[in-house]
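Asker: generate a structure from the sequence data that follows.
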Amino acid sequence: MITKEAKKIKSLLEKMGVETTLLQRNIDTSYENLEKVFEAALKDPDMEVVPYEVTSEMLYNAVSEVEKMTMEEDKI
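Answerer: Predicted coordinates for the structure are as follows:
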């Protein structure tokens, strides 16, 4: 479920004409297409302070879930 604040931000961005999902930007959301992005994110120095191991699969699952939730909200 998307929070009220996230809905407000999404609504504002849409009013400004900003796409709010990868699919709206015509970005292929397959793991193969995003894998290099995830690998780069995992090398970021900020990842050193995360108290558990983060994998590219975890990042992919998170991105997929956000895309799914956003698309479901658009149907409401």
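Asker: okay, and the residue most central in space within the chain sits in which element?
Answerer: Centroid-nearest residue in the chain, with Cα atoms, centre = their mean: V63, separated by 3.8 Å. If you go by DSSP states H and E, V63 is part of helix 56-75.
Asker: from the contact counts, what lies against that helix?
Answerer: Packing partners of helix 56-75 (3 or more Cβ pairs under 8 Å, 6 or more residues apart in numbering; DSSP states H and E): helix 4-15, helix 31-42. Heads up, the C-betas are built off the backbone N, CA and C, glycines and all.
Asker: compare those and give me the one nearest V50.
Answerer: Counting by Cβ to Cβ, V50 lies closest to helix 31-42 out of the helices and strands packed on helix 56-75; the figure is 9.7 Å.
Asker: ok, residues contacting that closest one?
Answerer: 27-28, 47, 54-57, 59-60, 63 (Cβ atoms under 8 Å, 6 or more residues apart in numbering).
Asker: thinking again about what came up before, go ahead and name everything in contact with the helix holding V63.
Answerer: Contact partners of helix 56-75, identified using Cβ under 8 Å, 6+ apart, comprise 1-2, 7, 10, 20-23, 29, 31, 34-35, 38-39, 41-42.
Asker: buried set for it?
Answerer: 56, 59-60, 63, 67, 70 (16 or more other Cβ atoms under 10 Å).
Asker: in terms of pLDDT, where does the residue nearest to the centre of the chain sit?
Answerer: For V63, the pLDDT comes out at 94.
Asker: still on that earlier bit, what is the most widely separated pair among the contacts of helix 31-42?
Answerer: D28 and M47 (24.2 Å).
Asker: many thanks, we can stop here.
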